[in-house]
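Participant: got a sequence here, can you model it:
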Amino acid sequence: MMSCRKILSVVFSSLLVYAPVVMGNEGDVINFSAGLSSMHDSNLFRLAPSVSPASVGLEGRSDTITATTLGLNLNKQLSLQQLIANVSLVDTRYSRNDYLDFRALNYDAKWLWAVGLQWTGEIAVDRVESLNSFTDYNNYRTRNVRTIENQRFTANYWFHSSWAVLAGVSRYQLSNEQPFLADSDYEATGYNYGIRYRPVSGNLLTLRAKHLDGKYVNRQFNSVQQYDNGFTQDGYELNADWRLTGKTLLRGRLEYLDRQHDHFSARDYDGWVGDIDLAYAATGKGTLNLGYKHGLEAFQQATSSYYVLDEVNVATRWAATNTLQAGARLSYGKRDYRGEIVPLTTAQRRESYTRAGVDLTYTPVRWAELKAGYSIENRNANDDRFDYKDRIAFLSLTARY
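Facilitator: Below you'll find the predicted structure:
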């Protein structure tokens, strides 16, 4: 029987042959896409320079990964209602480490609903499957695919042309194919409520209170190492989507977050988190993005309960011609691990990382896109076991109909 990869390759090739005849228009309700990409990763398992691949049961550091993608996109306006859906089937194959091969079904669907002019909202579901990065997961000889699923409902009541009260409910589920205690499987249900301001300019400010009840699944309750079976998380958040000038757009979020665990307060953490992104369109051909993120992220081990993240990003994009675009990005970040359960005889883990990349996109016709890029990533920690250097080169071809 023909493999899934071969089927996808045949379909992709056929679509390229017949694309000029069947290619979709921008106004089409349903569009299809097919993609084929190849990526060479020089340090797939993020091994430290001092670690020999053979010492951890690996044939080598590098691998070449091929991904074949089929996608479907829906965008339909029905009076005041809008239906949007993106579905993709991704078949990923590893040249050297074929035990990591997997197929993913990803989707993102939403109904932007409205009843008259006063009631608006969203019903949405999404699902993403991906291989756990070996940045943190180090069971090198076992595949661990992560699945994240979201469902949410929100409603806005516009009691004034510029003001609305809002409320919503949500459900979040994270599951790993293999146990991963640092970021364990859990389910969380929650609600949120707040107020929204939208002046005639179209800018948006939202003030919201959020609550989550979480339950860890597929792991044993452990009173010695304090692996809990549940938590609650509250947040008070301000979101902004504001056009400062005709060329400058500001997006940002500021939130006070408080996570408390059911039994072990040593795992608790709280504080201010948020991110800000400033987009500047200097000309019709070039854009510049500046960003900063501060986060508190759960990472449960005997030596930590969470880490503090700080990251700055710079990205630029330039349209050289109607068919050729170039992009570049640079980021620098720090992780500071905290909340140890077992007393440490050495300093708590700290690390910094640098990422940089460039890419070129060529669109010879509206329905086809060829993209190539190169990126580097370096991590330096106060413990040499967590250091690594990585280089990635990729080439992809996408057709849309």
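Participant: from now on I want contacts and neighbour counts done on CA atoms only, so please keep to that.
Facilitator: OK.
Participant: ranges for the helices of the stretch 1-150 of the chain?
Facilitator: 4-22 (DSSP state H, counting those that start in this stretch).
Participant: where does it dip in pLDDT?
Facilitator: Residues of the stretch 1-150 of the chain meeting the criterion pLDDT under 70: 1-28.
Participant: try 90 this time
Facilitator: Applying pLDDT under 90 to the stretch 1-150 of the chain picks out residues 1-29, 136.
Participant: residue 126 touches residue 87, doesn't it?
Facilitator: No - between residue 126 and residue 87 there is no contact under CA atoms under 8 Å: 9.4 Å.
Participant: what touches both of the two?
Facilitator: Shared contacts of residue 126 and residue 87, defined by CA atoms under 8 Å, 6 or more residues apart in numbering, are found at 106-108.
Participant: would you turn those residues into CSV with neighbour count and distance to residue 157?
Facilitator: Output for the shared contacts of residue 126 and residue 87, formatted as CSV (neighbours: other CA atoms under 10 Å; distance: CA to CA, whole Å):
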residue, neighbour count, distance to residue 157
106, 19, 32
107, 19, 28
108, 17, 25
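Participant: looking at those, which are in strands?
Facilitator: 106-108 (DSSP state E).
Participant: need the residues you listed in TSV (columns: distance to residue 295).
Facilitator: Below are these laid out as TSV (distance: CA to CA, whole Å):
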residue	distance to residue 295
106	26
107	26
108	25
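Participant: run the chain-centre distance for stretch 184-197.
Facilitator: Centre-to-centre, stretch 184-197 and its host chain are 18 Å apart (CA atoms, centre = their mean, to the nearest Å).
Participant: just stretch 129-145 next, same as before
Facilitator: Centroid separation between stretch 129-145 and its chain, computed with CA atoms, centre = their mean, is 16 Å.
Participant: neighbouring contacts of it?
Facilitator: Outside stretch 129-145, the residues that reach it (CA under 8 Å, 6+ apart) are 44-46, 56-58, 99-100, 104-106, 146-148, 176-178, 180.
Participant: recalculate using a threshold of 10 Å.
Facilitator: The contact list for stretch 129-145, computed with CA atoms under 10 Å, 6 or more residues apart in numbering, reads 43-47, 53, 56-58, 90, 92, 97-107, 146-149, 175-183, 299, 379, 386-388.
Participant: quick one: end-to-end distance for that stretch.
Facilitator: 7 Å (CA to CA, to the nearest Å).
Participant: contacting residues for the residue positioned nearest the centre of the chain?
Facilitator: The centre of the chain sits closest to residue 128, judged by CA atoms, centre = their mean, with a distance of 8.9 Å. Counting by CA under 10 Å, 6+ apart, residue 128 makes contact with 88, 104-108, 146-150, 174.
Participant: which residue sits closest to it, ignoring its sequence neighbours?
Facilitator: Nearest residue to residue 128, sequence neighbours excluded (CA to CA, 6 or more residues apart in numbering): residue 106, at 4.9 Å.
Participant: would you agree the one you found is in contact with residue 126?
Facilitator: Yes - between residue 106 and residue 126 there is a contact at 7.5 Å, judged by CA atoms under 10 Å.
Participant: now do the shared contacts for those two.
Facilitator: 86-87, 148-149.
Participant: let me know the secondary structure of residue 391.
Facilitator: strand (DSSP: H, G, I helix; E, B strand; the rest coil).
Participant: ok, and the closest non-adjacent residue to it?
Facilitator: residue 376 (4.6 Å).
Participant: tell me which helix or strand the one you found sits in.
Facilitator: Counting by DSSP states H and E, the element that carries residue 376 is strand 368-381.
Participant: for the record, mean pLDDT for that strand?
Facilitator: For strand 368-381, the mean pLDDT works out to 98.
Participant: relative to the whole chain's centre, how far out is that strand?
Facilitator: On CA atoms, centre = their mean, the centre of strand 368-381 falls 16 Å from the chain's centre.
Participant: and stretch 252-261, by the same measure?
Facilitator: Between the centre of stretch 252-261 and the centre of its chain there are 19 Å (CA atoms, centre = their mean).
Participant: list the buried residues in it.
Facilitator: 252-255, 257-261 (16 or more other CA atoms under 10 Å).
Participant: just the ones in strands from those, please.
Facilitator: 252-255, 257-261.
Participant: thinking again about what came up before, redo the buried residues of stretch 252-261 as CSV? Include distance to residue 278 and pLDDT.
Facilitator: Output for the buried residues of stretch 252-261, formatted as CSV (distance: CA to CA, whole Å; pLDDT from 0 to 100):
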residue, distance to residue 278, pLDDT
252, 8, 97
253, 12, 98
254, 15, 98
255, 18, 98
257, 23, 98
258, 27, 98
259, 29, 98
260, 33, 98
261, 35, 97
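Participant: which one of the ones in strands among the shared contacts of residue 126 and residue 87 is nearest residue 349?
Facilitator: Sorting these by how near they are to residue 349, with CA to CA, puts residue 106 at the top with 34.3 Å.
Participant: residue contacts, the closest one?
Facilitator: By CA under 10 Å, 6+ apart, the neighbours of residue 106 are 71, 86-90, 126-130, 147-149.
Participant: do the same with residue 97
Facilitator: Contacts of residue 97 (CA under 10 Å, 6+ apart): 44, 58-60, 62-65, 141, 143.
Participant: pull out the buried members of these.
Facilitator: Buried subset of the contacts of residue 97 (neighbour count, 16+ other CA under 10 Å): 44, 62-65, 143.
Participant: check the offset of stretch 391-401 from the chain's centre.
Facilitator: Centre-to-centre, stretch 391-401 and its host chain are 18 Å apart (CA atoms, centre = their mean).
Participant: for that stretch, what is the average pLDDT?
Facilitator: 96.
Participant: for the residue nearest to the centre of the chain, name its beta-bridge partners.
Facilitator: Beta bridges link residue 128 to residue 148 when assigned by DSSP bridges.
Participant: go through stretch 334-351 and flag the buried ones.
Facilitator: Within stretch 334-351, the residues that count as buried by 16+ other CA under 10 Å are 334-341, 348-351.
Participant: which ones among those map onto strands?
Facilitator: Among the buried residues of stretch 334-351, the ones falling in strands (DSSP E) are 334-338, 350-351.
Participant: burial of the nearest residue to residue 59 once chain neighbours are set aside, as a residue count?
Facilitator: Spatially, and ignoring its direct neighbours in sequence, residue 59 is nearest to residue 53 (6.3 Å; CA to CA, 6+ apart). With neighbours defined by other CA atoms under 10 Å, the count for residue 53 comes to 17.
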